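Enquirer: Need a 3D model of the following:
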Amino acid sequence: MNDENEIRRLVEEWAKAVRERNLDGILAHHSSDIVMFDVPPPFQSVGIDAYRKTWELFFSGTEPDRFDIHELKIFTGDDVAF
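Expert: Numbers count the residues shown, from 1 in each chain. As a prediction, the model looks like this:
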């Protein structure tokens, strides 16, 4: 499996975990020192515990039965991917 396919698989697993409200699955492939920027407050979350709290807040206000990725472009290099 090449890098692009592996990243695509991880993103699809993440989206499936969101649809299933599976916090462990959502967090599974994130670094413990994640820094995330998002639209709703808090705008910046530092660390896996803060990231988890953003999902707890998200789930308290919505039922994500649809959380689909319609267009995904992946670029990979020797030591970076986005």
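
Enquirer: What helix or strand is the nearest residue to residue 13 once chain neighbours are set aside located in?
Expert: Closest residue to residue 13 apart from its sequence neighbours, by C-beta to C-beta, 6 or more residues apart in numbering: residue 25 at 6.9 Å. For glycine as for every other residue, the C-beta is placed from the backbone atoms N, C-alpha and C. Assessed by DSSP states H and E, residue 25 sits inside helix 23-27.

Enquirer: what comes up buried for that helix?
Expert: 25, 26, 27 (16 or more other C-beta atoms under 10 Å).

Enquirer: for the chain, what helix or strand is lowest in average pLDDT?
Expert: helix 48-61 (a mean of 90; mean pLDDT, DSSP states H and E).

Enquirer: Which neighbouring elements make contact with that one?
Expert: helix 23-27, strand 35-37, strand 44-46 (3 or more C-beta pairs under 8 Å, 6 or more residues apart in numbering; DSSP states H and E).

Enquirer: Show which residues not belonging to the second one make contact with it.
Expert: Put plainly, it is strand 35-37. 43, 44, 45, 46, 50, 51, 54 (C-beta atoms under 8 Å, 6 or more residues apart in numbering).

Enquirer: ok, and the most crowded of the residues you listed?
Expert: When neighbours are taken as other C-beta atoms under 10 Å, the top entry among those is residue 51 (20 neighbours).
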